[in-house]
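Peer 1: Sequence first, then the predicted structure, then my questions.
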Amino acid sequence: QVQLVESGGGLVQAGGSLRLSCQASGGPFRSYDMGWYRQAPGKEREFVGEISWSGSGIYSSDSVKGRFTVSRDYARSTLYLQVNGLKPEDAAIYYCNATLRGAGVQYWGQGTQVTVSS
């Protein structure tokens, strides 16, 4: 099964940028649709964006569209989330998700914290 490790979170000022990474190991990276979710204190985990196993399908939630970009590097088995124009409401723990193509089995990373100061 795949293991996922996120990194790149931190404290940034409103309007700033970060690049979150999710290193995948233990499974063929191309077999998984990959996504980002986030969870703020007291709120449910919500979808942020995803990219298909082939890279041809990229989707983002309306709340981040135009500011966040999902991408993947097959050579590095890494998923990225470029976050620009951060707002205080973007503060959350960001989780990487891998869904095994054709099976629906999901795996999660441990999360990386993003804090936004206003």
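Peer 2: Received, thanks.
Peer 1: what separates the worst-scoring helix or strand of the chain on mean pLDDT from the chain centre, distance-wise?
Peer 2: When the helices and strands of the chain are scored by mean pLDDT, DSSP states H and E, strand 58-60 comes last with a mean of 90. Distance of strand 58-60 from its chain centroid, counting by C-alpha atoms, centre = their mean, to the nearest Å, is 11 Å.
Peer 1: Parallel or antiparallel, list what pairs with the next helix or strand after that strand.
Peer 2: Counting by DSSP states H and E, the next helix or strand C-terminal to strand 58-60 is strand 68-73. With DSSP bridges as the test, strand 68-73 is paired with strand 78-83 (antiparallel).
Peer 1: Using PDB, write out every CA atom in the strand it pairs with.
Peer 2: Extracted as PDB, the C-alpha positions of strand 78-83 are listed here (Å, rounded to 0.1, in the frame of the first residue of the first chain):
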ATOM      1  CA  THR A  78       5.200  13.700  -5.500                       C
ATOM      2  CA  LEU A  79       2.000  15.600  -5.400                       C
ATOM      3  CA  TYR A  80       2.100  19.400  -5.100                       C
ATOM      4  CA  LEU A  81      -0.300  22.100  -4.000                       C
ATOM      5  CA  GLN A  82       0.800  25.600  -4.900                       C
ATOM      6  CA  VAL A  83      -1.200  28.000  -2.700                       C
END
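Peer 1: other SSEs contacting the least confident helix or strand of the chain?
Peer 2: strand 46-51, strand 68-73 (3 or more C-beta pairs under 8 Å, 6 or more residues apart in numbering; DSSP states H and E). For the C-beta atoms, the positions are set from N, CA and C on the backbone; glycine is no exception.
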